[in-house]
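> Predicted coordinates and the sequence they were generated for:
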Amino acid sequence: MDKLSDLRKSYERDELDEQQAAPEPLRQFRLWFQEALDAQVPEPNAMTLATVGPQGRPSTRIVLVKDIEDRGLVWYTNYDSRKGRELDQHPFAALQFHWVEMERVVRVEGRVEKVDAAQSDAYYQSRPLDSRLGAWASPQSQVISSRAVLVANAAKAAAQHGLNPARPPHWGGFRLVPERWEFWQGRKSRLHDRLVYRLDEGRWIRERLAP
């Protein structure tokens, strides 16, 4: 096994300067996201979601962004899960996309709100049937005795709700409304490009950070 201290990579794929970057962060994000799609990056919509618990302790997990709106980034989950409860108590979060193949990272910070019921209903109905039943079957983040509990719950949900289950009241969307974005492009000699956009009295200020 190689020594961890010897693992290194030289980042030389691309660059990011102020002349290249869009004046607004959402436009820049959409550009990079499309480039990740075009490059067939595995799961380009996977992002790390960081929340804060009641004792001020952070926790992270991977979720999937399902909508990129002018207002913010949307994902769906169980509102009774750990992340759902933490966001209810402390409605601020951070997101991070890491597109390894493109040597890029995007970080987003802001406040979080629930999407309206109609939007959650529409997305829920677009999911495969097994996923819709799974939202009923899984008491997310709770301790269960075995996988058999999930299998039994799924069978019970199928028998109860049939082929057209309604959205569970404890399941729906969250939206992060950005207040800060950072775009990171790996560069040679660890002199990486970092452009930050921060919201200041309703307008975006773009600044370069030292790597």
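All right, it came through fine. Numbering: from 1, shown residues only.

> gap between the longest strand anywhere in the chain and the chain center?
Of all segments of type strand in the chain, defined using DSSP state E, the longest is strand 171-185. The chain centroid and the centroid of strand 171-185 are separated by 7 Å under Cα atoms, centre = their mean, to the nearest Å.

> List the buried residues in it.
Across strand 171-185, burial judged by 16 or more other Cβ atoms under 10 Å covers 171-178, 181-185. All C-beta spots, glycine's among them, are computed from the backbone N, C-alpha and C.

> for it, packing partners?
Judged by 3 or more Cβ pairs under 8 Å, 6 or more residues apart in numbering; DSSP states H and E, strand 171-185 is in contact with helix 25-38, strand 73-78, strand 104-114, helix 117-126, strand 193-200.

> Export the buried residues of strand 171-185 as TSV, with columns for distance to residue 71.
TSV is the format used below for these (distance: Cβ to Cβ, whole Å):
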residue	distance to residue 71
171	21
172	16
173	12
174	12
175	7
176	10
177	6
178	9
181	14
182	19
183	20
184	24
185	26
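
> can you list those residues in JSON lines and add distance to residue 34 and pLDDT?
Below are the buried residues of strand 171-185 laid out as JSON lines (distance: Cβ to Cβ, whole Å; pLDDT from 0 to 100):
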{"residue": "171", "distance to residue 34": "29", "pLDDT": "98"}
{"residue": "172", "distance to residue 34": "27", "pLDDT": "98"}
{"residue": "173", "distance to residue 34": "22", "pLDDT": "98"}
{"residue": "174", "distance to residue 34": "23", "pLDDT": "98"}
{"residue": "175", "distance to residue 34": "21", "pLDDT": "98"}
{"residue": "176", "distance to residue 34": "20", "pLDDT": "98"}
{"residue": "177", "distance to residue 34": "22", "pLDDT": "98"}
{"residue": "178", "distance to residue 34": "18", "pLDDT": "98"}
{"residue": "181", "distance to residue 34": "16", "pLDDT": "98"}
{"residue": "182", "distance to residue 34": "19", "pLDDT": "98"}
{"residue": "183", "distance to residue 34": "14", "pLDDT": "98"}
{"residue": "184", "distance to residue 34": "18", "pLDDT": "98"}
{"residue": "185", "distance to residue 34": "16", "pLDDT": "97"}
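
> neighbours around residue 19, how many?
Residue 19: 5 surrounding residues under other Cβ atoms under 10 Å.

> just for the protein, where's the confidence low?
In the predicted model, the chain carries pLDDT under 70 at residues 1.

> Tell me the strands beside the longest strand of the chain, with direction?
Next to strand 171-185 in the sheet, as set by DSSP bridges, lie strand 73-78 (antiparallel), strand 104-114 (antiparallel), strand 193-200 (antiparallel).

> how about these in JSON lines, adding mean neighbour count and distance to residue 160?
JSON lines is the format used below for the strands paired with strand 171-185 (neighbours: other Cβ atoms under 10 Å; distance: least, Cβ to Cβ, whole Å):
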{"stretch": "strand 73-78", "mean neighbour count": "21", "distance to residue 160": "18"}
{"stretch": "strand 104-114", "mean neighbour count": "19", "distance to residue 160": "25"}
{"stretch": "strand 193-200", "mean neighbour count": "18", "distance to residue 160": "46"}
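
> which residues does the residue positioned nearest the centre of the chain bridge with?
Among the residues of the chain, the one closest to the centroid is residue 47, at 3.8 Å (Cα atoms, centre = their mean). In this entry, residue 47 is beta-bridged to residue 63, by DSSP bridges.
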